[in-house]
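**Q** give me coordinates for this.
(2 chains)
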Amino acid sequence: MAPVKRKKTTDKAKEAEPLTIDKVKDLGNQVRESPKYFNNLALLLTEYKKLLVQLQNNADSDVQILTRVISLTLIKVFEHLIVSRQLKLTSFDAEQKEIVRKWLKTKYDDFKDTLVETWKISVDNEGVYSLKIDNLDSLMKLVKIESKHFTKDEPYFSNRTYKLVLENLLVTGDLSEMLSHDATLDNFLVLEFRESYFGKYWDLRYFFFNELKPILEAQQDTQIKQLIFSNTMTILKPQPLYDLKNPEQTMFVNNPPKTVTNMRQFRSTFEKCILDLINLKLLPEQNKATLLILHKRIIPFFNNPTKLMDFLTDSYNLGFSVKDISLSILSLNGLWELMRQYNLEYPDFYTKLYAILTPDLLHLSYRSRFFRLLDVFMSSTHISASIIASFIKRLGRLCLTAPPAGIVCVIPFVYNQLKRHPTCMLLIHCTERPEVDLYDESEPDPAKTNALDSSAWELEAVIHHYHPNVGSLAKIFTQPFNKYSYNMEDFLDWSYTKLLDNELNKKFKGELALEMDNYESLLGENGYLTGYTY
Amino acid sequence: MAGSQLKQLKASLKSAGLVGQTNTKQKGKRHSKKTPNESRKDDKQKVLSRIREEFNPFDVKVTRNKREDMLEKKKVVGRPGISKQVGEENRRAAFEAKRARKNKAGGLVDRRFGENNSALTAEEKMLERFVKERQAQSSRSSMYNLEDDDDNALTHYGQSLMFDQDGNEDEDEGDFFSQKEQAETTGPIEEEPLGRKKTKQEVMQEIIAKSKHYKRERQKLAEETQYAVQELDEDFENVMGTLNTVPQPKGRPASKTEAEKQYDMKVKTIALDRRAAPADRTKTEEEIEKERKEKQDKMEADRLRRMEGESDDEHGGADDLDDVWEGASDLEEDVEAGSEVEVSSEDEHAAVKPSVIRIGDKVVTVTSTVKSKCPATLDELLTAVAELETSEVSPFIVGVFKKYQPKLASGNKEKIGVFSCVLVQYMLHLGDNYDPRNAQLLDFLARLIKNMCEKYPEELCQEFRGQLQEIQQILQKRDFGTLPRQRDLLLFTLIGATFSTSDLYHLVVTPASLLIGEMLEVLQINTKPHHLFAGIYLTDLLLQYQRLSKRLVPEAVNFLERALLALAPEPQKIDSAALCVLPKPTKFTLATASQLPAAAEPLALADWKKATQAQRENLLLKAVQTVDQATGLLKESGASVELLKPFETIMKHLVKYYASSTVPTVLAKLQNLVKIARVDRQPLKLQAHRAMAIPSYLPKFEENFNPDKKSYDPDQTRQEISKLRHQVKQERKQSLREIRKDSQFEAREQLKLKRKDYQEYHSKMASIINSIQTQEGQAKNEYEREKKRRKN
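**A** Here you go, the predicted model:
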C-alpha cells in the first residue's frame, strides 16, 4: 500500500484549499496514468459526496459545475479501469493485486450508489436537473461498458447495475402530481430513460421486465408500489413494445445473452409483470389508465391474454356497482378484444351494454370511445328489432339532458340503426297504434321493454334544440331516408370547444338582430332578469 | 320518254334540231326567230349544255320527301356541281382581288354614282353625278351657316339662279339613289307611263320650276319678318326714352340706423327662409297608436322569420328600431339645432352652457367638459373617469359621444365605434368590482350599448365575441379559481337584454348559449356556493333567452335537477330511478327542519359566496320557481313527459318538507301537465311524406296530328322563339361552312402558288446548272484536247 501512503501526504496539503476544475482534471489524469494515484479516487468521491450535500442546500452554479466535472472525471477514470480490466473480479493472481482490486471494487460500487443517490435531491433547478440526467446517462454507459468488458467475449448483460438503475429510477417522481386522465407522471428522468434507452433498445426492454418483478416483490409500501406503477405506465404508454409483425431488435450492449431474442420468454415475463402490477392496490385513476391502454399496449404482447379476463370482467361489473360507467366503458374495449380474438364468451352482453346507457354517458369524455364500440356491437343485422328499439329509445332519452356534442353522436347512430333495421322505423313513424306509451323504462332487459310499441318523442324534441346545427341534424328523421348511412367518425369528436370555435369563426354579415323589448335595467323589478339584484 | 339512254339522247338532240337534217325548212315562228348566224351558234351552245345537264344524273340532286305524293310539294332540285363551281369562281375572284391588293397601300376607289349601273343612260348618269355634287357642297356650306344662304345666291330679276337643293327633300325624303325612286318622284308630276325615261332637259326644267316656286314663297316670308323687325326697332327708341327718364339711385346712404339694419336682416332672413310648407297634420291618438302597432307587428314578423331561421335578404329588424335610438341620436339633434359656429368654439362654450340631454325618460343636464381625447382602451377610459364621481360618469360618456359625433369630423365614426367597445369592457369592469352605487350607471351603459349596437354592429359583435372567447379560454383550462366571475354573468345578461335571443341563429347569442351550456356542465355545485348561485342564475337566464322561441336546452334541464338535488333535504330518500343524477347529500343539503321563505326575495349578486341557511333556502326557492318557469317551456316539447317526470319526483319529495310554500302548487301543476301530456301524446308520424312520382316512359300520343305542323307548342311566343332559334342555328351553320370553305380555298390556292414558285425556281436553277455543266464539259474537252495535242 505504498502508493496510498504517499498520496495521503499530498491529500492533507490539499484539503485546506477547495478543489478547482483543473485540479479535478489533473487528479483524474493521474489515476489513469498509473495505479499509484488510485487514492485520488477516494479523494474525489468524498469531495463529490460533500458537494452533493451542498447541492441539497441550494448551492450556486459554481458548485453545480464542479459537481458535474467531478462526476465526469470519475466516470472516465472508472471507464479506463474497466477497459483495462483492473476491476475484473475473476482473476486470482497476486494477492496484493487482489486487495487493490477489491478496494477499487468497493469504490466503484460506492460511486454507482452515489450517482443514484443524486436522484433523491429534491432541489429544483436547472443544474440539478442536468446533473440527474447526466448521471442517468453515466449509469447507462457503465451498464454498457460493464457488459462489454466484464467477460471475455462471452454474452453478458450487466444485470446488477441495470437493476440498481431501475430500482432507483422507478421510485423517483411524486405520486401527488400524477396526471389524472392517464395516470402517467411528468417525471423527466423517466421520460428521458424512455426516450433515450427504453424506446430504442430491445435488450433494455427485455431486462426491464425481468428486473421489475423482483423490484416489485421487494417493495412493501403500497404508496411506492403505486409510484412504480405510474412510472411504468409512463414508460409503456406512448408506443407499443415492439412491432408485432417485424420485431426490430437493436441492442444496447454489444453481446447480450441469447435468451434476449426469445419472444415467448419475454412475453411470459411481461405477462407476469403486468399481472403483478394490475393486481396491486391501485388508485381509481390508475385502474382506468390501465384499462385505457390495455387493448393496444398490453393484450397483444401477452402469451395468454385470457388471463386478463378476470380483471376486465371485474372492472366491467365494478363500473355498474359503483355507478361509474366510465370504468365499464373502458373495460368494454379490452373485453371486446378478448371476445373478438380469443373467443371469450360473455353472457347477457346486450343487457349489460344496455345498462351502460345511463344519463352520465353522454357527458363523459369516453363517449366517443363507447360509440365506436357500440357501432361495432350493433352492426349485426341479426339483433332483434326490439333490442335495437330499446337502445334507440334509451339513447333518445339521454339526449334530453345531454350536451350538444353528445346529441351529435346519438343522432347519426340512430339513423344508421333505423336504416339497418327498418322495423324500427315504427319508432318515428307509426299510423296504427293505441295512444298509450307502453315503453317500460325500468326494465333492464332490452328485449322486453316494449320499445317498439312506443315512439321516439325524445328525438323529435331534439329538433327544437337551442343550437341550430344540432336541431337541423335531428331533422334528418323527418326527411326521407335517402342517405345510405352516416359515417360515425365525423360526429364523434365534437366538443363544446369545437362547436364554439365553429360559431366564433363565422363571418359578420351586416346584420345583428336586437332585442325588441327595451328594459330599464338588466336586473331587478322591471329588468331583463327578475328575481336578482346586483 | 322511254328506251335506253342513248336512244333518249338521240331523241332529245333531234327534237332540239341539232342532229339529222340541219337545213330542213321548218315552218312557223320558231324558224323565223333564229335569224343571225351568231345568235344561232349561241343558241346551239345553250341547248347543248341544257341537254348535257339533263343527261348527267350526278350533277342534279333531288331531295325526295317521303310523303311526296301526299303533300304535293315541289321537288327541291339542287345542282351541287354548278353551285360549287360558282362558289369557286366567286372565291377565286375575291382571292385574286385580295392578292392584287396585297402589300399595296392607297389606290383608287370608284365611288361615283351609278357608274356601274347599266340600266342608266349616259345622261341620267351625268344628272345623278351633278345632283350628288350639289348635295355634297350644300351640306358642307350649310354646316356653319345659320342664315339662309339667300344672300350669296345669284339672282336675276330678284329670282335666284341657283338650283334649290332642298327641292327634292321637300318632295320626298329619300335620296336620288335608285332608278325606282326617281321614277316615283317624277312620276306624279309628269304623269307619264313609268317605262318612258325623261330626257335631261325635261328633268332640269322640272327642277328649275319647282325651286323657283319655293324660292318665291320663302322670300315673301323673309320680307314680312324684316318688316316686323323694322317696326319694332322704331318703337324701341321710344321705349328707351321713357325708361331713361326714371331717376337712378345715387349710391348708398352713408350709414344705416340700427333699426334699418335690423330690418334688413329680417328681410334677408325672411327671403332666405324656406317657403312655408304646410306642417304635417298632428296625428290623432288612434293614428299614433296604429302606427306604433304596425311597427310592432312588422318587428314581430321579422323576429318570427328569424326565429324560424328563414334567411332574410331584406335588411330588416334592427334598422326599424328608430324609436329605440334615444340617447345618442338625441345628442346629435342637439348639435344639429345649434349652428356650426357653436361647435367650433365648443371648448369655450361648453363649460358655460349646460346642454340638456334626454336619455330614456330621464333628463340629464350636462355640463360637458370633455377635453380629453376619445378613450380607445379601457385604461384610457378608467384614467379619464378616475377622479369623477359615479354620478358624473354618465354625463362624461354622453359628453364624449357629443364631442365625437361622426358628422363633426372624419374618423370620428371609427373612434366612436372603438369607444362603444370600450364601454362594453368598462361595464364588465364595473361588474367585476361591483359597487352598489354603480347600479344606475350599469343600466345606463346597458341601454347605451344596445343603442350603439345598431350603429356599430360589426365592432360590437366583434367585441362581444372577443369577450366570449376569453371566457372560453378560461373555461378550457378548467380554471375554477377564477371561473364563474360576476362579469361573466353580467356579460351574458347584457347579451340577453341587447340581442334578439329568439333567433334560430345569432352571431352572438348562439355562441353565448353554448358557453353557458358548457359552464353549466362543468360547474362544481356540490362544493362551491357561488358555483351553485351562478348555475341557477345562468339557468334562469337561458330560460329567459328561450322565452319566445321555446327551444329545448338540455343543459339547463340537467342543471336544474342537479341544483335541486344539491339543496334538497335528505336526497338519498328520493327514488333515483326516474332521475338523471344520482342524489347524494352535499355540503349544501338543507336540514329537514328548514323552512322556505314565503315570498321570494331577490337574490343579490354581491353575496353569491354566502352559504348560510337563509341563502340556501332562498336558492332552493329560486330553483323551484325556475322549475315553475321552465314548465312553460318544457310542456311545448314533444317529450314533455320525460322532461317533467324527474322534476315531479323531486317536487314530491320536497313537498314533504315544505308543504306551506309554493312547492305544492308547482307539484300540482307538474302532475297536471304530465297527465295531460300523456293523454295528448300521439305516435310520431315523421315520415309522412308526399308520395314520390314514378316516371312514365310511354310515348305521348298526339290527338290532332298534322304533318304540316312543326310544333305543338300552345304558347305562341315560345313557339316563335324556338323557330327563331332554329333559324339562327341554321344561319350560323351556313356561315361557318362558308368560312371554312373560304379558308380551305385560300390554303389550296396558296399551296398552288407556292408550288408554282418552287417549280419555277428549280427549273431555273436546273437550266443554269445545265448550262454551266455544258460549259465545263466543253472546257474540259478543250483542255483534254489541248493536253493530247501538247503530248503529241
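**Q** on the three-state scheme, residue B:502 is what?
**A** Following DSSP: H, G, I helix; E, B strand; the rest coil, residue B:502 is assigned to coil.
**Q** what is the burial count for it?
**A** By the criterion of other C-beta atoms under 10 Å in any protein chain shown, residue B:502 has 21 neighbours. Glycine gets a C-beta too; all of them are placed from N, C-alpha and C.
**Q** what does residue B:725 give?
**A** Residues near residue B:725, counting by other C-beta under 10 Å: 10.
**Q** could you say which helix or strand holds it?
**A** Assigned by DSSP states H and E, residue B:725 falls within helix B:716-791.
**Q** that helix - contacts with which helices or strands?
**A** helix B:80-101 (3 or more C-beta pairs under 8 Å, 6 or more residues apart in numbering or on different chains; DSSP states H and E).
**Q** and whichever helix or strand comes after the helix it packs on, how far from the chain's centre?
**A** As assigned by DSSP H and E, the chain's next helix or strand after helix B:80-101 is helix B:122-141. In terms of C-alpha atoms, centre = their mean, to the nearest Å, the centre of helix B:122-141 is found 54 Å from the chain centre.
**Q** same question for stretch B:546-557.
**A** 40 Å.
**Q** next one: stretch B:50-70
**A** Mean-position distance between stretch B:50-70 and its chain equals 58 Å (C-alpha atoms, centre = their mean).
**Q** just to revisit the earlier point, between the helix holding residue B:725 and helix B:80-101, how many degrees?
**A** 60 degrees (axes from the mean of the first three to the mean of the last three C-alpha atoms, to 10 degrees).
**Q** is the nearest residue to residue A:258 once chain neighbours are set aside in a helix, a strand, or coil?
**A** Leaving aside its chain neighbours, residue A:258 sits nearest to residue A:155 (6.2 Å; criterion: C-beta to C-beta, 6 or more residues apart in numbering or on different chains). What three-state DSSP gives for residue A:155 is coil.
**Q** look up phi and psi at residue A:155.
**A** Dihedral angles of residue A:155 (phi, psi; degrees, to the nearest 10) stand at phi -60, psi 130.
**Q** that one contacts residue A:257, correct?
**A** Yes. Look at residue A:155 against residue A:257 with C-beta atoms under 8 Å: they come within range, at 4.5 Å.
**Q** so the two - more neighbours on which side?
**A** residue A:257 (17 against 14).
**Q** quick check: that one vs residue A:212, distance?
**A** 18 Å (C-beta to C-beta, to the nearest Å).
**Q** residue B:456 now?
**A** Taken as C-beta to C-beta, the span from residue B:456 to residue A:212 is 66 Å.
**Q** if I pick residue B:636, what's in contact with it?
**A** A:464, B:550 (C-beta atoms under 8 Å, 6 or more residues apart in numbering or on different chains).
**Q** for the chain, what helix or strand is lowest in average pLDDT?
**A** All of this refers to chain A. Here the helix or strand of chain A ranked lowest by mean pLDDT, DSSP states H and E is helix A:2-15, holding a mean of 40.
**Q** was after chain B, sorry
**A** In chain B, the helix or strand scored least confidently by mean pLDDT, DSSP H and E is helix B:340-344, which has a mean of 34.
**Q** what are the boundaries of the helices in the stretch 101-250 of chain B?
**A** B:122-141, B:166-171, B:179-190, B:200-244 (DSSP state H, counting those that start in this stretch).
**Q** next, the angle from the longest one to helix B:122-141.
**A** Spelled out, that is helix B:200-244. 20 degrees.
**Q** which SSE is immediately downstream of helix B:200-244?
**A** helix B:258-272.
**Q** close to chain A, is the following helix or strand past that following helix?
**A** Reading on from helix B:258-272 to the C-terminus, the next helix or strand found by DSSP H and E is helix B:285-308. Yes. Applying C-beta under 8 Å from any C-beta of the partner chain, one finds helix B:285-308 touching chain A at B:299, B:300, B:302, B:303, B:306.
**Q** next to chain B, which bits of the stretch 301-450 of chain A? Give me the list.
**A** Contact residues (C-beta under 8 Å from any C-beta) of the stretch 301-450 of chain A with chain B: A:323, A:359, A:363, A:396-397, A:399-404, A:407, A:425, A:427-431, A:433, A:435, A:437, A:442.
**Q** so what secondary structure elements neighbour the helix or strand harbouring residue A:53?
**A** Assessed by DSSP H and E, residue A:53 sits inside helix A:39-56. On a contact count with 3+ C-beta pairs under 8 Å, 6+ apart, helix A:39-56 meets helix A:2-15, helix A:21-33, helix A:61-83, helix A:95-117, helix A:126-149.
**Q** compare the mean pLDDT across these and name the weakest.
**A** Lowest mean pLDDT of those: helix A:2-15, a mean of 40.
**Q** how about residue A:282, what does it touch?
**A** So residue A:282 contacts A:226, A:229, A:290 (C-beta under 8 Å, 6+ apart).
**Q** what about 10 Å?
**A** For residue A:282, the contacting residues are A:183, A:222, A:225, A:226, A:229, A:230, A:288, A:289, A:290, by C-beta atoms under 10 Å, 6 or more residues apart in numbering or on different chains.
**Q** how's chain A carved up into domains?
**A** Domain assignment of chain A by automatic domain parsing yields the ranges A:1-150, A:155-303, A:347-493.
**Q** and the helix or strand that contains residue B:618, what's buried?
**A** Assigned by DSSP H and E, residue B:618 belongs to helix B:613-634. Within helix B:613-634, the residues that count as buried by 16 or more other C-beta atoms under 10 Å in any protein chain shown are B:615-631, B:633-634.
**Q** of the residues you listed, which are in range of chain A?
**A** Restricting the buried residues of helix B:613-634 to those touching chain A (C-beta under 10 Å from any C-beta of the partner chain) yields B:621, B:622, B:625, B:626, B:629, B:634.
**Q** which helix or strand contains the residue nearest to the third one when sequence neighbours are not counted?
**A** For residue B:625, ignoring the flanking residues on the chain, the nearest one in space by C-beta to C-beta, 6+ apart is residue B:600 at 6.1 Å. Following DSSP H and E, one finds residue B:600 outside all helices and strands.
**Q** does residue B:600 touch residue B:540 like I think?
**A** No. At 11.8 Å, residue B:600 and residue B:540 do not qualify as touching, with contact defined as C-beta atoms under 10 Å.
**Q** how about the one helix or strand residue A:192 maps to, which residues are buried there?
**A** Here residue A:192 sits within helix A:188-193, counting by DSSP H and E. Buried residues in helix A:188-193, counting neighbours by 16+ other C-beta under 10 Å, are found at A:189, A:190, A:191, A:192, A:193.
**Q** and which of those is nearest to residue A:277?
**A** Taking C-beta to C-beta as the measure, residue A:277 lies nearest residue A:190 of these, at 15.2 Å.
**Q** any idea how far the closest one is from residue A:219?
**A** Counting by C-beta to C-beta, the gap from residue A:190 to residue A:219 is 17 Å.
**Q** what do you get for residue A:269?
**A** Residue A:269 is 18 Å from residue A:219, by C-beta to C-beta.
**Q** and for residue A:492?
**A** For residue A:492 relative to residue A:219 (C-beta to C-beta), the value is 41 Å.
**Q** likewise residue A:55?
**A** 27 Å.
**Q** can you map out the strands along the stretch 501-650 of chain B?
**A** With DSSP state E, counting those that start in this stretch as the definition, the stretch 501-650 of chain B shows strands at residue ranges B:603-604.
**Q** helices of that one, start to end?
**A** Remark: helices assigned in the stretch 501-650 of chain B by DSSP H, counting those that start in this stretch are B:509-522, B:529-545, B:554-567, B:613-634, B:640-655.
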